[in-house]
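In: Mind folding the following:
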Amino acid sequence: MWSPLGYSSPGVQMVAETGGTSAIVDELLTENYRNVFQRVVADGPASGTSTISYMIDVHGARPFISAISMFFPSPDWFTGFDNVNMCDEETGEYVEVKEGNLSAWDAGTDDGETFTSEDVPLEPGRRTPIISILASTFQGIPPGTYTIEKVGEEA
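Out: This is a model prediction of the structure:
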């Protein structure tokens, strides 16, 4: 879906700049059952203090989970996690729980430099990789956490 130091797809750009999901859903549908087993799209924005829960199936050869969410009203910032492996590589068993801190990311699709910057389009043809802005903008304080729990297995 996205990766640090990679380049934003049109779908990642849309999520980061507007919170829209149609382009990223189309990208994930293109990958359906090749690299993507399941996708979940939020119904709407969450407040800065809310908890969001989803049931996600993890499937044999596809034990990785990724997520993305816009930072509003930023020019092109987002949070999320990339390729969290729900399988213990040593035992081959699914882990009971994975927890971590969320980071803040600049999608590299807009030149706005602050949280409330106006849109400043990049120069035509210029590409900038996705970079962490946690240290420079958030003084190293994570904007949130994630917890992924194993809740059951199919028989």
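In: the helices in this protein, which residues?
Out: Secondary structure of the chain by DSSP state H: the helices cover 10-18, 22-30, 134-138.
In: I'd like those written out as a markdown table, with mean neighbour count, distance to residue 128 and mean pLDDT added.
Out: Backbone N, C-alpha and C define where each C-beta goes, glycine included. Formatted as a markdown table, the helices of the chain follow (neighbours: other C-beta atoms under 10 Å; distance: least, C-beta to C-beta, whole Å; pLDDT from 0 to 100):
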| stretch | mean neighbour count | distance to residue 128 | mean pLDDT |
| --- | --- | --- | --- |
| helix 10-18 | 21 | 11 | 94 |
| helix 22-30 | 15 | 19 | 89 |
| helix 134-138 | 15 | 14 | 88 |
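In: Can you pull up the most central residue in this protein?
Out: Geometric centre of the chain, nearest residue: residue 68, 2.2 Å, by C-alpha atoms, centre = their mean.
In: could you measure it against residue 151, distance?
Out: With the distance defined as C-beta to C-beta, to the nearest Å, residue 68 ends up 22 Å from residue 151.
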